[in-house]
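> build the 3D model from these lines:
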Amino acid sequence: MNITLRNIDENNWRDCISLKVKNDQKKFVASNENGLAIAFAHKEMQPRGIYYGETMVGFLMYAQDPDDGVYYINRLMIDKKYQRKGFGTKALEILLNGLRDSGVESVDIIHKPDNEVAIKLYKSLGFKLTENTLDENVISNVIPI
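Residues are numbered from 1 along each chain as shown. Take a look at the predicted model:
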C-alpha cells in the first residue's frame, strides 16, 4: 500500500478541505477547514495529508504540547470514498513509527467517547483508553510507541 504523509501547504490545502466524512460521522470530527485554521493559529500543529499515491485520501494532525511536551494526535479523518481500505491504520502506523524513530516515547490521541470505530482502530494499534478528558473528548494513550 503506497501511503505517505505530506505537509499541507499552499499547493494542496484545497484538496484537504474537499475531503468529507459520511453524514453520520460528522459528530465525531470537526471539518478540515477548522483543523487548518487551528494549525494556522497554533504553530506547533503539524497538519498532514494522507496520500494514496498522488491522491489525498485523508487528513491528520498532531503536535507536541508546548506546555508539557506531550505528543498528541487531534485529527484523523479519511474521506468517505476511501474508508474501510486500511488507509487510516497505515497513516497512524507511519506517524507512530516516525515519532518513535525521533525518540518520542508516548503519544495521546484525542477522540469522542462514543466513536466506537475509531476506538477499535486505536486499540488495534496499542492505544489504551485513559480517564483523561479534554472538553467533551476522551484521550487514549500508547506507551511505549
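> could you use CA atoms for every contact and neighbour count after this?
Will do.
> what's the longest helix in this protein?
Ranked by number of residues, the top helix in the chain under DSSP state H is helix 87-101.
> send the alpha carbons of that one over as CSV?
Only the C-alpha atoms of helix 87-101 are listed here, as CSV (Å, rounded to 0.1, in the frame of the first residue of the first chain):
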residue,chain,number,x,y,z
PHE,A,87,-5.6,4.0,4.9
GLY,A,88,-6.2,5.3,8.5
THR,A,89,-4.4,2.4,10.0
LYS,A,90,-1.4,2.7,7.7
ALA,A,91,-1.3,6.5,8.2
LEU,A,92,-1.2,6.1,12.0
GLU,A,93,1.5,3.4,11.8
ILE,A,94,3.6,5.7,9.6
LEU,A,95,3.2,8.6,12.1
LEU,A,96,3.8,6.5,15.2
ASN,A,97,6.9,4.9,13.6
GLY,A,98,8.3,8.3,12.7
LEU,A,99,7.7,9.6,16.2
ARG,A,100,9.3,6.6,17.7
ASP,A,101,12.3,6.9,15.4
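> packing partners for that helix?
strand 3-7, strand 46-52, strand 71-78 (3 or more CA pairs under 8 Å, 6 or more residues apart in numbering; DSSP states H and E).
> if we use 10 Å, what do you get?
Packing partners of helix 87-101 (3 or more CA pairs under 10 Å, 6 or more residues apart in numbering; DSSP states H and E): strand 3-7, strand 46-52, strand 55-64, strand 71-78, strand 107-111, helix 116-124.
> quickly run through the sheet partners of the first one, with directions.
So the one you mean is strand 3-7. strand 46-52 (antiparallel) (DSSP bridges).
> from the chain's centre, how far out does the partner strand sit?
Computed by CA atoms, centre = their mean, to the nearest Å, the chain-centroid distance of strand 46-52 equals 9 Å.
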